[in-house]
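Participant: Sequence first, then the predicted structure, then my questions.
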Amino acid sequence: MKTMKKVWRYVANYKKLLVITILAMLMVQSLGLVAPLIVKSILDDYLVGIEKPWYETTEDKSQVEYSGSYYTQKEENNTGVSIVIYQGKYYFVEDIVVSGNKNLDENTLSITTYNEDIIQYQTQRMTTTQVLAFYQPFISSLTWMIALLAIRFLLQILFTYIQRISTSMINVNIVRDARKDAVKSLQNMPMTFFETEPSGKIANRVISDVGGMMNLFATIMNLLINASLAVIFAYIGMFYLDPKLALFTFIIFPIVYLWLKFFMKKLNIIAVKVNEQSSLITAQLNEIINGISIVVDAIRSYSF
């Protein structure tokens, strides 16, 4: 918690960048939520939407012509027909086909309903031209949906770029400020401090420990904020598509919480040990390097 307060003390100087980062994250997650909804609409309403019932209507340029009759998906009082997609092929059925498991034997389509009832229909194999004619009413809307998907993709790239640039700018600035403060604090230290503390350990605190602040901020932004937003928006989409399934996933939350608590406790212990060992290694390495110059000077003076 103390480390968090120290990090926030520096981050607070760049609130505008922080706001830009969070807004960019919100936009990225929102656009990520929009993508599957657009794809779902393209598949269900247009590509597979051709299987929804068609109704015979009067002659109209905006309707679909098939075998001398005209059809539309706007529900009317006339007899309904269906188009069935089976193994990538399209079949015309002069009746409204019920939902269920499909099985096609030559021209006979068998539908096994969820009540285990079997209903059979006579089908006619459709040509490519006929299939394209039934897709024709969807072309305009489908084009707009694909264009919208492309725009969403470009916007996601833009806001991801803004998020990463603003996060990097905050990182660089807080590290710079923290190291300036560290150097100022060292200048105010008494000489006895430098006599007892190895120079390498001091250098490691200025470099590595401050770098750890940068890593902590990046972790907070990526895991705490970005991941939390991702979960929130994912559940918004899940509740929109299937509320029961979304509620069912809450069962795993206590397990994940216990695992994270155990993991973070172990990670904190290991991080402290690694930091201590890193400080010792840096201190010893600094003493060795400084010792080399002393040995060289001694050798030169001895040779003379």
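Facilitator: Everything's here; your move.
Participant: Can you read off the backbone torsions of Glu94?
Facilitator: phi -80, psi 50 (degrees, to the nearest 10).
Participant: That one: what's it in contact with?
Facilitator: Contacts for Glu94 (Cβ atoms under 8 Å, 6 or more residues apart in numbering) come out as 79, 81, 122. The C-beta positions use only the backbone N, C-alpha and C, and glycine is treated the same way.
Participant: between those residues, which is closest to Ile111?
Facilitator: Gln122 (12.5 Å; Cβ to Cβ).
Participant: Surely the closest one is within a helix?
Facilitator: No - counting by DSSP: H, G, I helix; E, B strand; the rest coil, one finds Gln122 to be strand, located in no helix.
Participant: what's next to stretch 41-48, contact-wise?
Facilitator: 85, 135, 138, 141-142, 145-146, 149.
Participant: How about stretch 120-137?
Facilitator: With contacts defined as Cβ under 8 Å, 6+ apart, stretch 120-137 is touched by 46, 50, 54, 62-66, 71-73, 83-84, 89-95, 97, 104, 107-111.
Participant: Give me the subset of these that lies in strands.
Facilitator: Members of the contacts of stretch 120-137 lying in strands (criterion: DSSP state E): 54, 64-66, 71-72, 83-84, 89-93, 104, 108-111.
Participant: okay, now Thr167: neighbour count?
Facilitator: Thr167 has 21 neighbours, counted by other Cβ atoms under 10 Å.
Participant: Kindly report the same for Gln136.
Facilitator: 13.
Participant: Check it and give its pLDDT.
Facilitator: At Gln136, the pLDDT value in this model is 87.
Participant: Distance check, it against Leu245.
Facilitator: 36 Å (Cβ to Cβ, to the nearest Å).
Participant: One more: Tyr55?
Facilitator: Tyr55 sits 33 Å away from Leu245, going by Cβ to Cβ.
Participant: With neighbour numbers in mind, choose between those two.
Facilitator: Tyr55 (18 against 10).
Participant: Let me see the contact set for the more buried one.
Facilitator: Counting by Cβ under 8 Å, 6+ apart, Tyr55 makes contact with 71-76, 78-81.
Participant: Give me the phi and psi angles of Val98.
Facilitator: Per degrees, to the nearest 10, the backbone of Val98 is at phi -80, psi 170.
Participant: For Ile85, give me its contacts.
Facilitator: By Cβ under 8 Å, 6+ apart, the contact set of Ile85 is 48, 50-51, 91.
Participant: Just list whatever residues bridge to it.
Facilitator: Beta-bridge partners for Ile85, by DSSP bridges, are Tyr90.
Participant: Look up how far Leu104 lies from it.
Facilitator: Where Leu104 is concerned, Ile85 sits at a distance of 11 Å (Cβ to Cβ).
Participant: Give the residues shared as contacts by these two.
Facilitator: Common neighbours of Ile85 and Leu104 (criterion: Cβ under 8 Å, 6+ apart): Tyr91.
Participant: which of the contacts of Glu94 has the most neighbours?
Facilitator: That'd be Val81 among the contacts of Glu94, by other Cβ under 10 Å, with 18 neighbours.
Participant: list the contacts for Ile269?
Facilitator: No contacts exist for Ile269 under Cβ under 8 Å, 6+ apart.
Participant: For the stretch 101-250 of the chain, give me the ranges with low pLDDT.
Facilitator: Low-confidence segments of the stretch 101-250 of the chain (pLDDT under 70): 193-195, 197-223.
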